[in-house]
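Undergrad: Here is my input, please return the structure:
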Amino acid sequence: MKIRWNHRYVQLGVTAFLVIAASILFYYGIFHMKSLITGIKTFFGIMAPIIYGAAIAYLLTPIVNFLERKIIFPIFEKRNKTLQKKGRKVVRWICVILSVFLMFLVIYALVMMILPQLIRSIMNIIYSFPHYVSVVENWLNSVVEKGWKLNPDMISQINQYSSRLQEYLTNTILPQMQFMMKNISASFLDLLVFLKNFLIGAIVSLYILADKEGFVAKAKMAVYAVLPTKWATFLVHSMRFTHKTFGGFISGKILDSAIIGVLCYVGTSIIGTPYAILVSVIVGVTNVIPFFGPYLGAVPCFLLILLVDPIQSLYFLIFILILQQFDGNILGPKILGESTGLSSFMVIVAIMVGGGLFGVPGMIVGVPVFAVLNAAVWKLIGRSLDEKDMSADAEFYRDIDCVDPVSGKVLPMPVKKSVSKAQEVTVKAEKNRIWSGAWDEIKRMFTFLVKFIQAKYIGFRLKQKNRRRRRKNRL
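TA: Here you go, the predicted structure:
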């Protein structure tokens, strides 16, 4: 027996089921928020290697494309050889392995450059601390020898602060040592988990890069299978625009930061800055963060150099200011151009929101994400204005007052009526008369206030004299 389906009732049933399911999920999300957050964290913890692999593959895609199109394929074209499907797969795997190897080589080089100088700087600070203490002691001894005496209040405050410091060390720091050790061990375990996820992600990225066109084709096929053709095409175009904006910004920012790091190393080596490699790497890495990155990198470097050589720290500060001006006005616009389409205000908002939600990665990714959202919103606004037969240019709305809701006509800004010279003279005379009258009234009130205060003061003095006379008469 063939069942006849009533599509209207089927749609109503599916809608009712979705509404009930959404209500249950909403209730669970509101009243079991901790469990929901724990579940989300567990899910992302399980998916972390795949997420890392996708991120690594996305960042290494330009390198793979460069090796294929600029190095490997031109070699075969010069020899008049065409690669078959298997040959192209072999070339792709070679380029992928070279890209991942290059990534690990760069990470190893950065670690080997930073770690020794970082350990050396920490050891120098530790070894120099007794020197700073001896300098303070010598200064105090010279003060005592010259016959200067400290204020007793200052001595009591010093004793009070020293006793408070001792109490803080004994009552607060020492009991928390066990808690601090737990935090250190937890941080070490988090580092091991990150390294494990990163290594697995690097392996996953090999397979993603080897068949990246296949993954994109399957994603398009799934989108067109699930969504209507109109919305599927809109989603494909949106994702292509997202890739263009996001990829262009990230790759351009990495290239810009690498150039700034090299220029910083050359400049600091010329002026003789201590820890030139460490400082240059910090400046280059933090330069990836838009707007705030240069300052976040320059401040710790300045303090580190200040402990070693104060004069060199001043030279370094001047050099960094010049370098950042060069980056912000010449190098950055040359590489990035107008890839984001955001104003300076929107860049700051994107960095603040992204950093508040996701920390340092959010500060880096926040700008391109906001750029994509900004473009999507303005695209929807433009489409809505086109449906209303109105201009989508913001400059058009500077010179109009409003749009008449009945007729739909654009009403211009009201023009000020022209005034004759005689009317201008009359208006000025009236204004002067009003201002002079107001000024006279202010002077009159001020004079009255002064006289009132004088009278009150004289009366107060007379009362005091009378009281003194009465006291004398009583005595």
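Undergrad: alpha carbons only for contacts and neighbour counts from here, please
TA: OK.
Undergrad: tell me the domain ranges of the chain?
TA: Domain segmentation of the chain under automatic domain parsing yields 42-127+193-210, 230-388.
Undergrad: if you go through this structure in chain order, where are the strands?
TA: 400-403, 410-412 (DSSP state E).
Undergrad: So which of those is nearest Pro294?
TA: Among the strands of the chain, the nearest to Pro294 by C-alpha to C-alpha is strand 400-403 (42.0 Å).
Undergrad: what helices or strands is that closest one leaning on?
TA: Counting contacts by 3 or more C-alpha pairs under 8 Å, 6 or more residues apart in numbering; DSSP states H and E, strand 400-403 packs against strand 410-412.
Undergrad: Quick check: mean pLDDT of the strand it packs on?
TA: In this model, strand 410-412 has a mean pLDDT of 70.
Undergrad: In contact with the nearest residue to Asp327 once chain neighbours are set aside: list those residues for me.
TA: Of all residues beyond its chain neighbours, the one nearest Asp327 is Ile260 (7.4 Å), with distances taken as C-alpha to C-alpha, 6 or more residues apart in numbering. Contacts for Ile260 (C-alpha atoms under 8 Å, 6 or more residues apart in numbering) come out as Val283, Gly284, Asn287, Leu323, Asp327.
Undergrad: where's the second one relative to Gly261, distance?
TA: When you say that, I think you mean Gly284. 4 Å (C-alpha to C-alpha, to the nearest Å).
Undergrad: So for those two, which sits in the more crowded spot?
TA: Legend: neighbour count by other C-alpha atoms under 10 Å for Gly284 and Gly261, higher for Gly284 (26 against 22).
Undergrad: Please look at that one and Lys253 and confirm they touch.
TA: No - in this structure, Gly284 is not within contact of Lys253 by C-alpha atoms under 8 Å, at 10.4 Å.
Undergrad: what stretches of the stretch 1-150 of the chain score poorly on pLDDT?
TA: Residue ranges of the stretch 1-150 of the chain with pLDDT under 70: 1-10, 77, 79-83, 125-126, 128-150.
Undergrad: And the helices in it, which stretches?
TA: Secondary structure of the stretch 1-150 of the chain (DSSP state H, counting those that start in this stretch): helices located at 7-31, 33-66, 73-78, 85-145.
Undergrad: Which elements pack onto the third one?
TA: I take that to be helix 73-78. Contacts defined by 3+ C-alpha pairs under 8 Å, 6+ apart place helix 73-78 against no helix or strand at all.
Undergrad: buried residues in it?
TA: Phe73 (16 or more other C-alpha atoms under 10 Å).
Undergrad: residues touching the residue nearest the centre of the chain, list them.
TA: The chain has Ile351 as the residue nearest its centroid, 2.6 Å off, counting by C-alpha atoms, centre = their mean. By C-alpha under 8 Å, 6+ apart, Ile351 lies in contact with Pro290, Gly362, Met363, Ile364, Gly366, Val367.
Undergrad: which of the helices of the stretch 1-150 of the chain is buried the deepest?
TA: Among these, helix 33-66 has the highest mean neighbour count (mean count of other C-alpha atoms under 10 Å), at a mean of 16.
Undergrad: quick one on the thing from earlier: save the strands of the chain as JSON lines, and put in mean neighbour count and distance to Arg467 too.
TA: Shown next, in JSON lines, are those (neighbours: other C-alpha atoms under 10 Å; distance: least, C-alpha to C-alpha, whole Å):
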{"stretch": "strand 400-403", "mean neighbour count": "13", "distance to Arg467": "73"}
{"stretch": "strand 410-412", "mean neighbour count": "13", "distance to Arg467": "77"}
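Undergrad: okay, those in CSV with distance to Ile311 next?
TA: Output for those, formatted as CSV (distance: least, C-alpha to C-alpha, whole Å):
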stretch, distance to Ile311
strand 400-403, 58
strand 410-412, 62
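Undergrad: Nice, that's everything, thank you.
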